[in-house]
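Build me a model:
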Amino acid sequence: MKYNDTSCAPQPIHKIINIESSMLFTVAEVAEILKTNVDYVHKLRKAKLLPFIKLGSYKVRKEALQEFLREYEGKDVTEPFNVKDL
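The predicted model follows:
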């Protein structure tokens, strides 16, 4: 007899971020969405390219993240502190 119960199957390490229903994202969630690391997200924050709200820890509004992606699409923001009006 085969055992097909998958309830004990390993769960993914990363939770799935539901971009559609979230209003605020943590720094770690933004890093995951942008496929980068937390340090880079903090550089974006410190360079004032991506506005954050501090509610215990830093959070970014979904709309602000979408605006950032629209504004800098096709542009090089590898070094956030060197970004001028592109």
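
Longest helix in this protein, by number of residues?
If you go by DSSP state H, the chain has its longest helix at helix 62-72.

and residue 33, how many residues sit next to it?
17 (other C-beta atoms under 10 Å). The C-beta positions use only the backbone N, C-alpha and C, and glycine is treated the same way.

again, but for the one 10 residues further on
For residue 43, the number of neighbouring residues by other C-beta under 10 Å comes to 18.

before we move on, back to that, list the helices and strands the longest helix of the chain packs on?
strand 24-26 (3 or more C-beta pairs under 8 Å, 6 or more residues apart in numbering; DSSP states H and E).

low-confidence ranges in the protein?
1-20, 85-86 (pLDDT under 70).

picking that back up, buried stuff in the longest helix of the chain?
64-65, 68, 72 (16 or more other C-beta atoms under 10 Å).

neighbouring contacts of it?
Outside helix 62-72, the residues within contact range by C-beta atoms under 8 Å, 6 or more residues apart in numbering are 19, 22-25, 30, 33, 44, 49-51, 83, 86.

hmm, try it at 6 Å
Residues outside helix 62-72 that contact it (C-beta atoms under 6 Å, 6 or more residues apart in numbering): 23, 50-51.

Could you pick out the buried ones from these?
Buried among the contacts of helix 62-72 by 16+ other C-beta under 10 Å: residue 50.
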